[in-house]
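Novice: could you look at this predicted model? Sequence included:
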Amino acid sequence: MTSDLAKKVDEQLAHHREQLEQLIRIPSVSADAFDQTEVERSAKFVAEMARERGFEAEVIQVKTAAGAVGRPAVLAHKKVGEERPTVLLYAHHDVQPQGTAEGWETAPFEPTERDGRLYGRGAADDKAGVLVHMGALAALGEDLDVNVTLFIEGEEEVGSPTFHDFLETYREQLEADVIVVADSNNWRVGEPALTTSLRGVVRLGVEVSTLKYGVHSGQFGGVAIDAVTAMSHIISSLHDENGSVAVEGLQAWDDAEVEYSEENLRLDSGLLDSTEIVGTGSLNSRMWTQPAISVIGMDVTSTAESSNTIIPSCKAYISMRVAPGQDPQEAGELLAKHVHEHVPFGATVRTEVAEAGSGFKVDDSSEAAEIMREALTEAFEHHAVGIGTGGSIPFVADLHDVFPAADILITGVEDPDTRAHAHNESLHLGDWRNAILAEALLLKKIGEKHA
């Protein structure tokens, strides 16, 4: 079975590659400041690809009760029998902004191959995931023996604001026995993985004020503290002397099937030689199943515009990754409580939870998970492992809430060199080919299990 499917995948791969490059050339950035007609154009092309593979497909924009209209998504179906199992295949066709032009070695929306990798915004995250689904379905062709629904989202990169409404509106059409989310990563190049845990995410806005207005630092410096210094005291309280998160009440656990070496961690993360690795416990638990806090933005006078003025107010965003299983709202409240308890010098502080997304833990002992690992191992010719992901995919929790009986499998084509969301994002083409074969094998094996 593997050799026959592998032959079909290889025969069709050039066509899938051509369509992947066409999709990358569409700058489908879903952020509000960008041209949303490109997201619509991308959705239409995805629908065309689905129809080419024998699916009934439509482009849909759901409307929420509050009147918000979602970005265009693609919903497509192919039914082979009422009694056959149904598999829902998810990916997203929208992408992150490209950032500054000077950071790219080649044009971000012109796919370019170098050293076995395809470079371009969305090459890996997640247009390659879209083509993994298309490639697997093409390889099976008329031999497809399970019902398949394609759900290709158009707003993942802006937090999936209408995702839950979409699930509720199209619940009957989306219901499935197995859900495959192609938006994660492998352990390393050539080493496949099934993602078994995701951290949640909290984003807390903090505003600190110490003065009614800015005053001369020469006149009042020494009695009036600036807001940036007060904010710095708050930020410094978030970690202990080891660099572990110091917010009380947060959950953490240490459980990893594989382990990073310090050498690989430093190589993959870009840590400077002099910078210490912070935290305690195994390296993977620190990144996958323990909380983590980062300051991701601050509004303060720039150095170019600075003057001898005591700054009266300062705003910051604090991003916290939450261990799988902890309620992100509860975690956000604990973080806000910590901030208010560590305000120095009587400064005034306001906090607001701006984002709260749930983590997720996969049942990796399910039949579907075992089949997925088997398929990955055969396709990559390398043992597949279970890994966590320190990042968040909050909509996975929505999928579980709406379809609690479905087995959710999280796969993907990214690797430590992918640089998703950053300059020079890239896809390892060999791993992409193997991911197509693995998914084809998964669908084939699920059909055979229910023959």
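Specialist: Cool, got the structure. Residues are numbered from 1 along each chain as shown.

Novice: domains for this protein, by residue range?
Specialist: Residue ranges for the domains of the chain, per the TED database: 1-198+359-450, 200-252+291-357.

Novice: identify, out of those domains, the most deeply packed stretch.
Specialist: domain 1-198+359-450 (a mean of 20; mean count of other CB atoms under 10 Å). Using the backbone N, CA and C atoms, a C-beta is placed for each residue, glycine as well.

Novice: let me have the domains of the chain in CSV, extended by mean pLDDT and distance to S274.
Specialist: CSV is the format used below for those (pLDDT from 0 to 100; distance: least, CB to CB, whole Å):
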stretch, mean pLDDT, distance to S274
domain 1-198+359-450, 96, 22
domain 200-252+291-357, 97, 15
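
Novice: and of the ones you listed, who's closest to L267?
Specialist: domain 1-198+359-450 (7.9 Å; CB to CB).

Novice: roughly how far is stretch 70-88 from the heart of the chain?
Specialist: On the basis of CA atoms, centre = their mean, to the nearest Å, stretch 70-88 sits 23 Å off its chain's mean C-alpha point.

Novice: ok, now which ones touch H423?
Specialist: 99-100, 103-104, 108 (CB atoms under 8 Å, 6 or more residues apart in numbering).

Novice: same thing with G205?
Specialist: Here G205 is in contact with 315-317, 351-354 (CB under 8 Å, 6+ apart).

Novice: A strand includes it, no?
Specialist: Yes: counting by DSSP: H, G, I helix; E, B strand; the rest coil, G205 is located in a strand.

Novice: so the residue positioned nearest the centre of the chain versus V181, what's the distance?
Specialist: Residue closest to the mean C-alpha point of the chain, counted by CA atoms, centre = their mean, is I393 at 4.9 Å. Distance from I393 to V181, counting by CB to CB, to the nearest Å: 7 Å.

Novice: what touches both of those two?
Specialist: Joint contacts of I393 and V181 (CB under 8 Å, 6+ apart) are I410.

Novice: quick one: the nearest residue to L250 once chain neighbours are set aside from L265, how far?
Specialist: Using CB to CB, 6 or more residues apart in numbering and skipping residues adjacent in sequence, the residue nearest L250 is P291, 4.5 Å away. For P291, the distance to L265 equals 18 Å [CB to CB].

Novice: next: D254.
Specialist: On the measure of CB to CB, D254 and L265 end up 16 Å apart.

Novice: now swap in K127 and tell me
Specialist: Taken as CB to CB, the span from K127 to L265 is 28 Å.

Novice: give the helix, strand or coil label for A124.
Specialist: coil.

Novice: can you show me the CA trace of stretch 301-314 as PDB?
Specialist: Provided in PDB are the C-alpha atoms of stretch 301-314 (Å, rounded to 0.1, in the frame of the first residue of the first chain):
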ATOM      1  CA  THR A 301       8.800  57.700  24.200                       C
ATOM      2  CA  SER A 302      11.300  56.600  21.500                       C
ATOM      3  CA  THR A 303      14.900  57.400  21.900                       C
ATOM      4  CA  ALA A 304      14.700  59.600  18.800                       C
ATOM      5  CA  GLU A 305      12.000  61.700  20.400                       C
ATOM      6  CA  SER A 306      13.200  61.600  24.000                       C
ATOM      7  CA  SER A 307      13.800  64.800  26.100                       C
ATOM      8  CA  ASN A 308      14.700  65.500  29.700                       C
ATOM      9  CA  THR A 309      11.200  64.800  30.800                       C
ATOM     10  CA  ILE A 310       9.900  62.500  33.500                       C
ATOM     11  CA  ILE A 311       7.500  60.200  31.600                       C
ATOM     12  CA  PRO A 312       4.100  60.200  33.200                       C
ATOM     13  CA  SER A 313       2.500  57.000  31.800                       C
ATOM     14  CA  CYS A 314       3.500  53.800  30.100                       C
END
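
Novice: how long is stretch 231-242 end to end?
Specialist: Length of stretch 231-242, first residue to last, CA to CA, to the nearest Å: 21 Å.

Novice: one step back: can I get the contacts of G205 in CSV including secondary structure and distance to A368?
Specialist: Listed next are the contacts of G205 as CSV, based on DSSP: H, G, I helix; E, B strand; the rest coil; distance: CB to CB, whole Å:
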residue, secondary structure, distance to A368
K315, strand, 45
A316, strand, 42
Y317, strand, 38
T351, strand, 41
E352, strand, 40
V353, strand, 34
A354, strand, 35
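
Novice: show residues contacting stretch 103-118.
Specialist: 20-21, 24-27, 98, 101, 119-121, 123, 417, 422-430, 432.

Novice: contacts only, for the residue lying closest to P161 once chain neighbours are set aside.
Specialist: Of all residues not flanking P161 in the chain, E155 sits nearest, at 6.4 Å (CB to CB, 6+ apart). Going by CB under 8 Å, 6+ apart, E155 touches 30, 70-71, 73, 92, 94, 161-163.

Novice: try 10 Å this time
Specialist: 30-31, 39, 61-62, 70-73, 92-94, 161-163, 166, 395 (CB atoms under 10 Å, 6 or more residues apart in numbering).

Novice: before we move on, the earlier item: relative to D273, which of the domains of the chain is closest?
Specialist: Taking these one by one with CB to CB, domain 200-252+291-357 is closest: 17.0 Å.
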